[in-house]
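# Just to be clear, the model below is a prediction. Sequence and coordinates:
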Amino acid sequence: MLQKRIILLVCALIICAGAQVALAQESSTPQKSVNALPREDETNLDTQLYLILATNRETEEGKLPAVLQPVVTRLRENLAFKHYSLAASFLNRVRHNGHLEMLWVGGPLLAPASSPMGNPSFNEFTAGRMRLERDANGREVIQMIDFRFGSRVPIITAQPGTTNASTNLAGGFPVINYQQIGLRTDISMTEGTPVIAGTLNVGPSGDAIIVVVSAKRAAN
């Protein structure tokens, strides 16, 4: 009887040792299925910024991109402006969890194109962090944390006199000053769908700049 117990104990020890060796081999085997997945922090996002000029002045309304038609439809339903035109658009690429900052000098957004020197605008667009997330329903969304847009735009504060003494030209030039405008917010959006980030009313004529932004995964 004692001999049988010893044999059973030896067999149990052999089985336990074999299980430990198999477990060690399994844990040391590379997890190919996990490593084969793309790293999330290597995902690139293409961001599109649109600046739409809204005005009640009699002006020619240019053709807007098809992707902005739903946005303009919503603007017409909620804002009392007669005309909407695309003032500028920009395409930028940023990595998941990355930071985006852009500064540029643009053409006149509000002043007439015939005004002296074209009266450029000075603009800034930044996103403190951009990342892919999932909402409460499990749907994938793109977040722009600490989104900022700012601009110094030319504003006509006085019309020209009948005579400009310094140049001896009739009519003269209008008096133009620069006004600082901007917005700051956090945005969550569906991939590839433009959203309205904010509306900035500027100028004595009651014009407005509509800031629209969209983002999607980069194709390559």
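Good, I have the coordinates. Numbering: from 1, shown residues only.

# now for whichever strand or helix holds Tyr178, which elements pack on it?
Applying DSSP states H and E as the criterion places Tyr178 in strand 175-189. For strand 175-189, the packing partners by 3 or more C-beta pairs under 8 Å, 6 or more residues apart in numbering; DSSP states H and E come out as strand 121-134, strand 140-158, strand 195-202, strand 207-217. Heads up, the C-betas are built off the backbone N, CA and C, glycines and all.

# Distance from that strand to the middle of the chain?
When distances are taken as C-alpha atoms, centre = their mean, to the nearest Å, strand 175-189 is centred 14 Å away from the chain's centroid.

# Which positions in that strand come out as buried?
Going by neighbour count (16 or more other C-beta atoms under 10 Å), the buried part of strand 175-189 is Ile176, Ile181, Ile187, Met189.

# Kindly indicate which of these lies nearest Asp207.
Distance to Asp207, by C-beta to C-beta, is smallest for Ile181 among the buried residues of strand 175-189, at 11.0 Å.

# What lies in contact with stretch 80-88?
50-57, 59-62, 64-65, 68, 72, 75-76, 106-107, 109, 208-210 (C-beta atoms under 8 Å, 6 or more residues apart in numbering).

# circling back: show me which of the buried residues of strand 175-189 is closest to Arg134.
Once C-beta to C-beta is applied, the member of those that ends up nearest Arg134 is Met189, at 13.4 Å.

# which residues does the closest one contact?
Met189 is in contact with Val141, Ile142, Gln143, Met144, Val195, Val213, Ser214, Ala215, counting by C-beta under 8 Å, 6+ apart.

# which of the residues you listed count as buried?
Val141, Ile142, Gln143, Met144, Val213, Ser214, Ala215.

# Next, format those as JSON lines and append distance to Leu200 and pLDDT.
Output for those, formatted as JSON lines (distance: C-beta to C-beta, whole Å; pLDDT from 0 to 100):
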{"residue": "Val141", "distance to Leu200": "25", "pLDDT": "94"}
{"residue": "Ile142", "distance to Leu200": "23", "pLDDT": "95"}
{"residue": "Gln143", "distance to Leu200": "22", "pLDDT": "95"}
{"residue": "Met144", "distance to Leu200": "17", "pLDDT": "96"}
{"residue": "Val213", "distance to Leu200": "14", "pLDDT": "97"}
{"residue": "Ser214", "distance to Leu200": "18", "pLDDT": "96"}
{"residue": "Ala215", "distance to Leu200": "21", "pLDDT": "96"}
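
# Which of these lies at the shortest distance from Thr43?
Ile142 (10.3 Å).

# Hmm, Ala215 and the closest one touching each other?
Yes - with contacts counted by C-beta atoms under 8 Å, Ile142 reaches Ala215, the gap being 4.6 Å.

# what's near enough to touch Ile142?
Counted by C-beta under 8 Å, 6+ apart, Ile142 has contacts Leu45, Met130, Arg131, Leu132, Glu133, Ser188, Met189, Thr190, Glu191, Ala215, Lys216.

# just to revisit the earlier point, so which of the contacts of stretch 80-88 belong to strands?
Tyr50, Leu51, Ile52, Leu53, Ala54, Thr55, Gly106, Ala208, Ile209, Ile210 (DSSP state E).

# residues contacting the last one?
Translated: Ile210. By C-beta under 8 Å, 6+ apart, Ile210 lies in contact with Leu51, Ile52, Leu53, Ala54, Val71, Leu75, Tyr84, Ile196, Gly198, Thr199, Leu200.
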